[in-house]
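Trainee: Here is a sequence with its predicted model. Questions after.
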Amino acid sequence: LVRAIPLPAVRERRAVTVTYPSHPTADALFERLGGALPVGSEEDFDVHSALTGTLTTHYSYLATLTSWAVGHGIAPDHADTYVRSLFQGVGRALSDETRSLHRLASDHETPGGNNERIRTTWFTPSNAEALGRALDDLLAVLEGRSARQ
């Protein structure tokens, strides 16, 4: 029995799939579908599963940006098109694995600019801690479920 976390982008062969335990047949299948990421323990698998729980939060964030723009008079189709384009563009930078995620963030930020202002006023240390607590809570649930299996 191999556990796996296939993501929607697997259908486009653009998502790595976490597996546990590593198994040559399962890992070979997922390698053809975007890559396999075998992890060494059930605990590691649960951490990756918790990370997967943030996908819809990302989409809701983008929907909130779109709604905010609409609330300020931007036509809904224009707001949707712009937000999608904005984040598809910066999303491509994620393929540059020579830069850490922190480095990517700083590389997209002008000191004193708009991005720095939103990051420092909205994504505060307490906001980041709240996200960490939510992930810890989810991980505790996942680990409890894993122990019952």
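Mentor: The structure has been received and is ready for your questions.

Trainee: Please count neighbours and contacts with C-alpha atoms only from this point.
Mentor: Fine.

Trainee: and the longest helix along the chain, what's its mean pLDDT?
Mentor: What stands out as the longest helix in the chain, according to DSSP state H, is helix 125-148. Helix 125-148 shows a mean pLDDT of 87.

Trainee: Make 601 the starting number, not 1.
Mentor: Noted, 601 is the first residue going forward, which turns the last one into helix 725-748.

Trainee: what's the burial count for the closest residue to residue 649 other than its chain neighbours?
Mentor: Leaving out its chain neighbours, the residue that sits closest to residue 649 by CA to CA, 6 or more residues apart in numbering is residue 605, at 7.0 Å. The number of residues packed near residue 605 is 16, by other CA atoms under 10 Å.

Trainee: Next up, the contacts around residue 605.
Mentor: 617, 618, 619, 649 (CA atoms under 8 Å, 6 or more residues apart in numbering).

Trainee: Next up, phi/psi of it, please.
Mentor: With angles defined as degrees, to the nearest 10, residue 605 sits at phi -120, psi 80.

Trainee: can you pull up the bridge partners for it?
Mentor: In this entry, residue 605 is beta-bridged to residue 618, by DSSP bridges.

Trainee: So it versus residue 691, what's the distance?
Mentor: From residue 605 across to residue 691, the span is 21 Å (CA to CA, to the nearest Å).

Trainee: Identify each buried residue in the helix or strand bottoming out on mean pLDDT in the chain, please.
Mentor: Least confident helix or strand, the chain: helix 725-748 with a mean of 87, by mean pLDDT, DSSP states H and E. For helix 725-748, a neighbour-count test (16 or more other CA atoms under 10 Å) marks 735, 738, 739, 742, 743 as buried.

Trainee: Ok, stretch 699-710 next?
Mentor: In terms of neighbour count (16+ other CA under 10 Å), stretch 699-710 has its buried residues at residue 704.

Trainee: And for stretch 618-635, what's in contact with it?
Mentor: Stretch 618-635 has contacts (CA under 8 Å, 6+ apart) with 602-606, 610-617, 636-642, 645, 648.

Trainee: ok, of those residues, which come out buried?
Mentor: For the contacts of stretch 618-635, buried by 16+ other CA under 10 Å: 604-606, 610, 615-617, 636-638, 642, 645, 648.
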